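>>> Based on what follows, work out the 3D shape:
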Amino acid sequence: MTMNMTNLKLKSKVLALGLVSVFISSCGDPKPTEETNDNLPDTDTVKNMALNVGGELFSVPSPIQTALLVQKSGVTYDKAILNPGNKNGQYISDFSKSLNLGIYGADLGYVSMYNQTQDALGYLGAVKQIADKLGVSAAFDQKTMERINDNISNKDSMLVLVGIAYRASDAYLKTNKRTEISSLILTGGWIESMHFCINAYNKKPTDEIKYRIAEQKQALGSILKLITSHNMPDAAQLIKDLEALSKTYEGITSKYNYVEPTTDEAKKITYINSTTEISVSKEQLDEIAKQITAMRDKIINAKS
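So this is what the prediction gives:
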């Protein structure tokens, strides 16, 4: 049988401003001030997430990037696709808590992107409770929580403030040599962002969302290296599932076309103008969706 192959050629015009080590989101490089709304940067400055382990830098797309892509595609808000916030109490092990903190962080970004104030409060509470149990609650101090609550109805401000909180969490975990927690949180956020893309593509197929799903081979490789580098006994099944997903991605081909970068000297910004062509079939997309869904179901339904 001949598979229906789709050639995707999209221009990657990314701001090359460097990577910030965060868990769930990175919204520019905001400077905390006593002001609430006007001094916070626009969410379009969201960058990749990065984590440095053993001197090696791992980078994956931020779930906030993905939520922004989904929202801009015209797909309407759907609370049913999220992990219910009231399930946070069933996660007992640090392994389960960490993965679900990543998922809840991505969910918080998603509801904030759609200006769902009441739901944002619920997911903020779920994030705070799991962060407390993991011992990273120092990032969510009273001042930060007050700023978030004051800006709960402002999408741009919310995303920036959540980014501030998670950067503080990142710094805490690195200082205390708990990078395995960072790795799991990042993995949970990546799985949830893939879940967003799959649901969006099923509702409203676009080349942009298809490209986002298909281009994840490198990000998946980074995640696998991160998880396996920590020798966590609880991660055996997760590693097995990620390796199976990686095999599916091996069948997706890509071709990189180099175009010289351009620099805006006035703004001190370099733009990457190269293009990437990706060939992916419907069968491959369906298999990726099936595997992501199965992995996510195991994580959010864990009771240990």
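
>>> What's the first helix or strand after the helix or strand where residue 69 lies?
Per DSSP states H and E: residue 69 is located in helix 63-72. Where DSSP H and E defines the elements, the next helix or strand beyond helix 63-72 is helix 94-113.

>>> Alpha carbons only: can I get that following helix in PDB?
C-alpha atoms of helix 94-113 as PDB (Å, rounded to 0.1, in the frame of the first residue of the first chain):
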ATOM      1  CA  ASP A  94       8.400  12.100  43.500                       C
ATOM      2  CA  PHE A  95       8.600  10.500  40.000                       C
ATOM      3  CA  SER A  96       4.800  10.800  39.500                       C
ATOM      4  CA  LYS A  97       4.600  14.300  41.100                       C
ATOM      5  CA  SER A  98       7.400  15.600  38.900                       C
ATOM      6  CA  LEU A  99       5.900  14.400  35.600                       C
ATOM      7  CA  ASN A 100       2.500  15.700  36.600                       C
ATOM      8  CA  LEU A 101       3.900  19.000  37.700                       C
ATOM      9  CA  GLY A 102       5.200  19.300  34.100                       C
ATOM     10  CA  ILE A 103       1.700  18.400  32.800                       C
ATOM     11  CA  TYR A 104       0.000  20.900  35.100                       C
ATOM     12  CA  GLY A 105       2.400  23.600  34.300                       C
ATOM     13  CA  ALA A 106       1.600  23.200  30.600                       C
ATOM     14  CA  ASP A 107      -2.100  23.100  31.400                       C
ATOM     15  CA  LEU A 108      -1.700  26.400  33.300                       C
ATOM     16  CA  GLY A 109      -0.100  27.900  30.300                       C
ATOM     17  CA  TYR A 110      -2.900  26.600  28.000                       C
ATOM     18  CA  VAL A 111      -5.700  28.000  30.200                       C
ATOM     19  CA  SER A 112      -3.900  31.300  30.600                       C
ATOM     20  CA  MET A 113      -3.400  31.600  26.800                       C
END
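
>>> and the angle for the next helix or strand after it with helix 94-113?
Next helix or strand after helix 94-113 toward the C-terminus (DSSP H and E): helix 117-134. Relative orientation of helix 117-134 versus helix 94-113 (axes from the mean of the first three to the mean of the last three CA atoms, to 10 degrees): 160 degrees.

>>> so what secondary structure elements neighbour helix 117-134?
Under the contact definition 3 or more CB pairs under 8 Å, 6 or more residues apart in numbering; DSSP states H and E, helix 117-134 sits against helix 94-113, helix 142-150. Placement of C-beta: from N, CA and C, glycine included.

>>> One more pass at 10 Å, please.
Here helix 117-134 touches helix 94-113, helix 142-150, helix 155-175, helix 179-203, going by 3 or more CB pairs under 10 Å, 6 or more residues apart in numbering; DSSP states H and E.

>>> any weak-confidence spans in the stretch 101-250 of the chain?
137-142, 144-145, 148-149, 152, 155, 157-177 (pLDDT under 70).

>>> which residue packs closest to residue 130, ignoring adjacent ones?
residue 101 (4.6 Å; CB to CB, 6 or more residues apart in numbering).

>>> Now for that neighbour: which residues touch it?
23-24, 88, 91, 94, 126-127, 129-131, 133-134, 136, 166, 169, 181, 184-185, 188-189 (CB atoms under 10 Å, 6 or more residues apart in numbering).

>>> Give me the distance between it and residue 246.
24 Å (CB to CB, to the nearest Å).

>>> Check for me that residue 270 belongs to a strand.
Yes. Checked against DSSP: H, G, I helix; E, B strand; the rest coil, residue 270 lies within a strand.
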